[in-house]
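Engineer: give the three-dimensional model of this entry:
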Amino acid sequence: KLPTMKMLLSLIALLSAALLASTAPPTCYSRVLSLSKEITESFQDLQTSKAVDSCVKTLPRLYLDIHNYCVLSKLRDFVAYPGCDTVLEVNELKEKARSLYTILISYCRRDLVFLTDDCNALEVPVLPPTE
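Structural biologist: As a prediction, this is how the structure comes out:
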């Protein structure tokens, strides 16, 4: 009974090690990419929600592309926008935008490459690829 238990524990340890080895920790780039997608989706949901205050329609547009250098000014403008301070969803979105800005300028500063500085490209929603 004891050798069987040792073998079972060894097998569990081996499988656990294999599972841990196959999952890579998130990189700065992957974190920024996922957070920017989350913010853009939340903004689009907020814009189409009927239950939210009418001031939401006046918010600066927030379609993010972390490869566009203008994303930094876009995030600053959104966070500094004075309207809709009483809407909880907007405050949560501003907090996420502030976090993304901080990550971009502090933690990921050397890891990111901006491929463009086309500010007009951030004024329209990014359409999902069609198949």
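Engineer: name the helix or strand for the residue nearest to the spatial centre of the chain, please.
Structural biologist: Nearest to the mean C-alpha position of the chain, counting by Cα atoms, centre = their mean, stands residue 35 at 0.7 Å. Here residue 35 sits within helix 28-48, counting by DSSP states H and E.
Engineer: for whichever helix or strand comes after that helix, list every residue counted as buried.
Structural biologist: Following helix 28-48 in sequence order, the next helix or strand is helix 71-80 (DSSP H and E). With burial defined by 16 or more other Cβ atoms under 10 Å, the residues of helix 71-80 counted as buried are 71, 72, 74, 75, 78, 79. In this view, the C-beta of every residue, glycine as well, is placed from N, C-alpha and C.
Engineer: and of these, the nearest to residue 57?
Structural biologist: Closest to residue 57 out of the buried residues of helix 71-80 is residue 78 (14.4 Å), distances taken as Cβ to Cβ.
Engineer: right, and the closest one touches residue 63 too?
Structural biologist: No - applying Cβ atoms under 8 Å, one finds residue 78 not in contact with residue 63, separated by 10.8 Å.
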